[in-house]
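**Student:** Below: sequence and its predicted model.
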Amino acid sequence: MITMKDVIKEGHPTLRKVAKEVTLPASQEDRDILQKMMDFLHNSQDPEIAEKFGLRPGVGLAAPQINVAKRMIAVLVSDQNENLYEYALFNPKIVSHSVEMTQLENGEGCLSVDRDVPGLVPRYARITVQGTTIEGEQISIRLRGLPAIVFQHEIDHLNGVMFYDRIEESKDPFMKPVPDAFR
Ligand SMILES: Cc1nc(NNC(=O)[C@H](CC2CCCC2)CN(O)CO)c(F)c(N2CCN3CCOC[C@@H]3C2)n1
Ligand code: NI
């Protein structure tokens, strides 16, 4: 069972690696890891289990976060119409995306980041993701809203990108940059 002690934290080099493609058909070991990642999300969203094992709630998890530098993600999230998106994928890839951008209005967090990092994280509003399921089926899914944001956050982890890398430097006109002389 994956618990928080298995989740590596910022500063661990694996979080900044580009994860390797999973050789298909996936090995039993890789299928077990991906299943355990999905089990973690279910457990973390169950108040009793989460409390019992001290799990932080999660709607997504990427294999590098448990120190496995392979292209595997699990997502368990509902959209605003209460449609449940439950996907465990090998080698997920964003194959197309909208020009339109969106963001979570309260910014993002990360199970590998034990601090609040304020700021809006720009994401594509709509994406199409292709990947391979645990059963070995190649699928293509069109996503928007929160599910689209979650998939982008997880796929970023496969490329060594953290959510705060995307927070824009303040464009606040009243925030005068410090002249170099005083840096
Ligand atoms: C939005 C949200 N982020 C939660 N945590 N952070 C995560 O999932 C990180 C990934 C998300 C951070 C922003 C985008 C992706 C994990 N990440 O680091 C993996 O890379 C939540 F827990 C959560 N929800 C809402 C739904 N609720 C259903 C009932 O159970 C509790 C659950 C709580 N919503
Ligand atoms: Ni994360």
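**Tutor:** That came in fine, so what should we check first? Everything quoted here is computed from the prediction, not taken from an experiment. Ligands and ions are numbered 1, 2, ... in the order given.
**Student:** which helices and strands does the helix ranked longest in the chain pack with?
**Tutor:** With secondary structure taken from DSSP state H, the chain has its longest helix at helix 28-44. In this structure, helix 28-44 packs against helix 47-53, strand 60-62, strand 72-78, strand 84-97, with contacts taken as 3 or more Cβ pairs under 8 Å, 6 or more residues apart in numbering; DSSP states H and E. C-betas here are computed from N, CA, C, even on glycine.
**Student:** any idea whether the spatially most central residue of the chain is helix, strand or coil?
**Tutor:** Nearest to the mean C-alpha position of the chain, counting by Cα atoms, centre = their mean, stands Glu154 at 2.2 Å. Here Glu154 is helix, with the state taken from DSSP: H, G, I helix; E, B strand; the rest coil.
**Student:** And it, how far from Val129?
**Tutor:** Here the criterion is Cβ to Cβ, to the nearest Å. By it, Glu154 lies 10 Å from Val129.
**Student:** Now do the shared contacts for these two.
**Tutor:** Common contacts of Glu154 and Val129 (Cβ atoms under 8 Å, 6 or more residues apart in numbering): Pro92.
**Student:** and this protein, which of its residues are near ligand 1?
**Tutor:** 45, 57-62, 65, 104, 108-112, 149-150, 153-154, 157 (Cβ under 6 Å from any ligand atom).
**Student:** Does His157 touch Ile66 like I think?
**Tutor:** No. Counting by Cβ atoms under 8 Å, His157 does not reach Ile66; the two are 10.7 Å apart.
**Student:** Tell me which of those two has more neighbours.
**Tutor:** His157 (23 against 19; other Cβ atoms under 10 Å).
**Student:** so which strand or helix has the more buried one?
**Tutor:** helix 145-158 (DSSP states H and E).
**Student:** go on, Gly119?
**Tutor:** Short version, using DSSP H and E: Gly119 is in no helix or strand.
**Student:** low-confidence ranges in the protein?
**Tutor:** Under the criterion pLDDT under 70, the flagged ranges of the chain are 169-183.
**Student:** My guess is Thr14 contacts Ala69. True?
**Tutor:** Yes. The criterion here is Cβ under 8 Å, and Thr14 meets it with Ala69 at 5.5 Å.
**Student:** Leaving out sequence neighbours, find the closest residue to Leu89.
**Tutor:** Leaving aside its sequence neighbours, Leu89 sits nearest to Gly131 (Cβ to Cβ, 6 or more residues apart in numbering; 3.4 Å).
**Student:** Surely that neighbour is in a strand?
**Tutor:** Yes. Applying three-state DSSP, one finds Gly131 inside a strand.
**Student:** Tell me which residues touch it, please.
**Tutor:** Applying Cβ under 8 Å, 6+ apart, the residues near Gly131 are 73, 87, 89-93, 138-139.
**Student:** Of these, which is the nearest to ligand 1?
**Tutor:** Ile73 (8.1 Å; Cβ to the nearest ligand atom).
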